[in-house]
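> my questions concern the predicted model and sequence given below.
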Amino acid sequence: MKTTLLTLALFCAVPAAAAGLRAGAAAVDVTPQEWPIRVIGNFGLTLANSAHDPLHARAIVLEDSGVRIAIVLVDSCFIKREEMDRAKDLAAKRTNIPVNRILMAATHTHSAPPSRAKKGDGIEERYVERLVTQTAEAVVQANGRLQPAKIGWAVRPVPEELFNRRWFMREGGILPNPFGETGDLARMNPPAGSDSLIHPAGGTDPGFSIVSIQTVGGKPLALLGNYSLHYIGGVPGPEVSADYFGEFSKQVASRLAPGDPAFVAMLTNGTSGDVNNIDFIHPRPRAQPFERITAVAGKLAGHAVEQSRSMEYHATAPIQMVERELRVRYRRPTPEQLRFARAALEEKDESKLPRNAKTYAGWAIALNDGPEFADLKLQALRIGQLGIAAIPCEVFTEIGITLKELSPFRPTFTIELANGHYGYLPTPRHFKLGGYETWLGTNNLEPEASVKITRTILDLFEQIEK
Ligand SMILES: [Zn+2]
C-alpha cells in the first residue's frame, strides 16, 4: 500500500503534458544559388541557368499531449536516405524532436537539381549541403512557431486530372526494353491518340486529401494536400521549377492567407508511380510552358481552400507515430543482362543499341556490384482518426488505394518518396507486365517488395490504433 501511494505521489509530481494541439509551420528557400546546375527528371543532360520559381523546404510541426512530430516536404525529384537522415539529425539536435518523429519527403518535381552531388562538382556539392541544412532549418523554424491550434481533414474526389500511364498495346505497339528484351506487356507513356492503345494496365486514385491547420481563433496556419499525380512538367530545360507542387503552395497561400508570410501550404505526392496528367485517349494540344502546372495547381488549390472553410476542426487530436526498418533484397541483373550491359558500354555507335541502353547498362552494373539488401525506413502516423503512411519509393497507385481501404484510420493517405528513394514500387502483377517502371535500374527492389511494404505499414497502423 505504501509503495503504491508513493508511486502515485511520484507520478502526480510530474505534470502530465497538456492535451490540446499546438502547431507551427515554416518554409525556407532551397533554390540553387550558383549556375549552371544539372536538373534531373529526364534522360540526358539538362543544365539550368536560372529558376523560374523558387524551390522550398516546408515543414509543419504538430504536438499534442507531449508527442511532437514534424512533416517536411522538399522541392526535389527525390532525396536519398543518407541526405534525409543528415537533415533529420540536424533538425533533431536543434529541436529535440526525435529523428523517428520526423517524416521527410520530396515532392518529385522533375525540374530540380539532383540531391546527391557529382563528385568534384563544387556547385552541386554546395547545393546539396545547403539543401540538407536548409531542410533542417525549416523544422527548426516551424518548431519555434508552435502555438495553440486546431486541425481538420477531408477528402475530395478529383479524378479528371489523373491518367494511368501504363497501357496494353496492340501488336507492334511495344518496343524492346533498354536490355534489348521484348517481353513487356505494358508500355509507359504510349503516344497519345495512337491506334495501338487497348486500355490502361491500372487505375487511378481520385482521392485528394486535405489537412488544414488554424489558430484556435480560426486564422489559417498551414495546409497539407496529398494527391496521386506524378508531376505535371512542361518546364523548359534551362530552368529550375517546383512544378505544380510549388504553384499549389503559392495559390493556396494567396487565397487563404494573402500577405501572411508565416502561412505554409504544401502538396505532398500520394501514390503516383504509374499516374500522370496525359490524356492518352483524347490528346490535348501542346500547352504553353507552365500553363498546365498553373491550371492543375489552381484547381486543387480551389478545392483545398473551399474544403478548409467547411471542414470540422479539432482542438485536440491524439498524435502517434512509429517507424520500422524493413529489409528487402536488391535486384541483380541476370547473366544475360550483365553481358548485354557490358557490351553496351563498349559500343561506340549508339544507334546500334536500344534507347537509353548505356544509361541502364550503368545502373545494371551498379546493382550487380552494390549491396545485397536495402533497409527501407517505413513510417505510420495518426493525428486523431487521420492515418498517414510514408514509403520511400515511387509507389504504384493501387498500393495507395489498398492502404486506404485496409487502414484502421479514416481517412488514410500515403506520402511517397519519403525518408529515401529506391525507385519504382509496382505490385507483383505490374512487375509481371513489365514496362519502364519494372526495368532493372528504374526498378531496384525484389518483385515482392510492395507486398512486404504494404503488410508492414498495416502492421504499424495496427500498432498505433490503440
Ligand atoms: Zn518520376
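That came through fine.

> give me the number of residues near Ala186?
Counted with other Cβ atoms under 10 Å, the neighbours of Ala186 add up to 25. To be clear about C-beta, it is placed using only N, CA and C from the backbone, and glycine gets the same treatment.

> could you check the pLDDT of it?
Ala186 is assigned 98 on the pLDDT scale.

> going forward can the numbers begin at 87, since that is how I track them
With the count now opening at 87, the last piece we talked about shows up as Ala272.

> how far away is it from Pro514?
Going from Ala272 to Pro514 by Cβ to Cβ, to the nearest Å gives 14 Å.

> over to Ala222?
Per Cβ to Cβ, Ala222 is found 38 Å from Pro514.

> among those two, which residue is more densely surrounded?
Neighbour count, other Cβ under 10 Å: between Ala222 and Pro514, Ala222 has more, with 26 against 12.

> the closest residue to that one other than its chain neighbours: what secondary structure?
Excluding the flanking residues, the one nearest Ala222 by Cβ to Cβ, 6 or more residues apart in numbering is Leu176, at 3.6 Å. Three-state call for Leu176 (DSSP: H, G, I helix; E, B strand; the rest coil): helix.

> swap in the one 4 residues further on?
When states are read from three-state DSSP, the local structure at Arg180 comes out as helix.

> and the closest residue to it other than its chain neighbours, what helix or strand is that in?
Distance criterion Cβ to Cβ, 6+ apart; nearest residue to Arg180, sequence neighbours excluded, is Val226 at 4.8 Å. Under the criterion of DSSP states H and E, Val226 resides in helix 208-230.

> with only the CA atoms kept, save that helix in PDB.
Taking Å, rounded to 0.1, in the frame of the first residue of the first chain, the C-alpha atoms of helix 208-230 are listed here in PDB:
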ATOM      1  CA  GLY A 208      31.600  22.200 -56.400                       C
ATOM      2  CA  ILE A 209      28.300  23.800 -57.400                       C
ATOM      3  CA  GLU A 210      26.400  20.600 -56.800                       C
ATOM      4  CA  GLU A 211      28.300  19.900 -53.600                       C
ATOM      5  CA  ARG A 212      27.400  23.300 -52.200                       C
ATOM      6  CA  TYR A 213      23.800  23.000 -53.400                       C
ATOM      7  CA  VAL A 214      23.400  19.600 -51.600                       C
ATOM      8  CA  GLU A 215      24.900  20.900 -48.400                       C
ATOM      9  CA  ARG A 216      22.600  23.900 -48.400                       C
ATOM     10  CA  LEU A 217      19.600  21.600 -49.200                       C
ATOM     11  CA  VAL A 218      20.400  19.500 -46.100                       C
ATOM     12  CA  THR A 219      21.000  22.400 -43.700                       C
ATOM     13  CA  GLN A 220      18.000  24.400 -45.000                       C
ATOM     14  CA  THR A 221      15.700  21.400 -44.800                       C
ATOM     15  CA  ALA A 222      16.700  21.100 -41.100                       C
ATOM     16  CA  GLU A 223      16.300  24.900 -40.700                       C
ATOM     17  CA  ALA A 224      12.600  24.600 -41.900                       C
ATOM     18  CA  VAL A 225      11.900  22.200 -39.000                       C
ATOM     19  CA  VAL A 226      13.700  24.500 -36.500                       C
ATOM     20  CA  GLN A 227      11.700  27.500 -37.600                       C
ATOM     21  CA  ALA A 228       8.300  25.600 -37.600                       C
ATOM     22  CA  ASN A 229       9.200  24.300 -34.100                       C
ATOM     23  CA  GLY A 230       9.900  27.800 -32.900                       C
END
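
> in it, which residues are buried?
Buried residues in helix 208-230, defined by neighbour count with 16 or more other Cβ atoms under 10 Å: 209-210, 213-214, 216-229.

> before we move on, what about stretch 430-450?
Under the neighbour-count criterion of 16+ other Cβ under 10 Å, stretch 430-450 has 430, 439-440, 442-444, 446-447, 449-450 buried.

> hmm, back to that, for the residue nearest to Arg180, give its distance to Ala112.
From Val226 to Ala112 the distance is 8 Å (Cβ to Cβ).

> what about the residue lying closest to Asn505 once chain neighbours are set aside, which SS state?
Using Cβ to Cβ, 6+ apart and skipping the chain neighbours, the partner closest in space to Asn505 is Lys463 (4.3 Å). Assigned by three-state DSSP, the conformation of Lys463 is strand.

> cool, and Ala450?
Assigned with three-state DSSP, Ala450 falls in the helix class.

> chain center to stretch 109-125, what's the gap?
The gap between where stretch 109-125 is centred and where its chain is centred comes out at 17 Å by Cα atoms, centre = their mean, to the nearest Å.

> how about stretch 467-479?
In this view, stretch 467-479 has its centroid 13 Å away from the chain centroid, taken as Cα atoms, centre = their mean.

> return the set of buried residues in it.
Residues of stretch 467-479 classed as buried: 467-470, 472-479 (neighbour count, 16+ other Cβ under 10 Å).

> inside strands: which ones of those?
Among the buried residues of stretch 467-479, the members found in strands (DSSP state E) are 467-469, 472-476.

> wait, which of those residues is closest to Ile539?
Using Cβ to Cβ, Ala475 is the member of these that lies nearest Ile539, at 9.2 Å.

> measure how buried Gly456 is and give me the count.
Neighbourhood size, Gly456 [other Cβ under 10 Å]: 12.

> find the nearest non-adjacent residue to it, please.
Once flanking residues are discounted, Gly456 sits nearest to Tyr416: 6.3 Å by Cβ to Cβ, 6+ apart.

> for that neighbour, what are phi and psi?
Torsion angles at Tyr416 (phi, psi; degrees, to the nearest 10) stand at phi -80, psi 150.

> list the residues that contact it.
Neighbouring residues of Tyr416 by Cβ atoms under 8 Å, 6 or more residues apart in numbering: 453, 456-460, 530-532.

> equivalent analysis for Ile485, please.
Applying Cβ under 8 Å, 6+ apart, we find Ile485 in contact with 357, 477, 500, 511, 513, 536, 539-540.

> for these, work out which two are farthest apart.
Spatial extent of the contacts of Ile485 (Cβ to Cβ) is set by the pair Thr500 and Thr513 at 13.9 Å.

> about what we covered before: tell me which residues in the helix or strand just after the helix holding Val226 are buried?
Downstream of helix 208-230, the next assigned helix or strand under DSSP H and E is strand 233-243. By 16+ other Cβ under 10 Å, the buried positions in strand 233-243 come out as 235-242.

> just stretch 137-152 next, same as before
137-139, 141-151.

> can I get those residues in JSON lines including distance to Arg252?
Converted to JSON lines, those look like this (distance: Cβ to Cβ, whole Å):
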{"residue": "Ala137", "distance to Arg252": "32"}
{"residue": "His138", "distance to Arg252": "30"}
{"residue": "Asp139", "distance to Arg252": "30"}
{"residue": "Leu141", "distance to Arg252": "29"}
{"residue": "His142", "distance to Arg252": "31"}
{"residue": "Ala143", "distance to Arg252": "32"}
{"residue": "Arg144", "distance to Arg252": "31"}
{"residue": "Ala145", "distance to Arg252": "34"}
{"residue": "Ile146", "distance to Arg252": "33"}
{"residue": "Val147", "distance to Arg252": "38"}
{"residue": "Leu148", "distance to Arg252": "36"}
{"residue": "Glu149", "distance to Arg252": "41"}
{"residue": "Asp150", "distance to Arg252": "41"}
{"residue": "Ser151", "distance to Arg252": "44"}
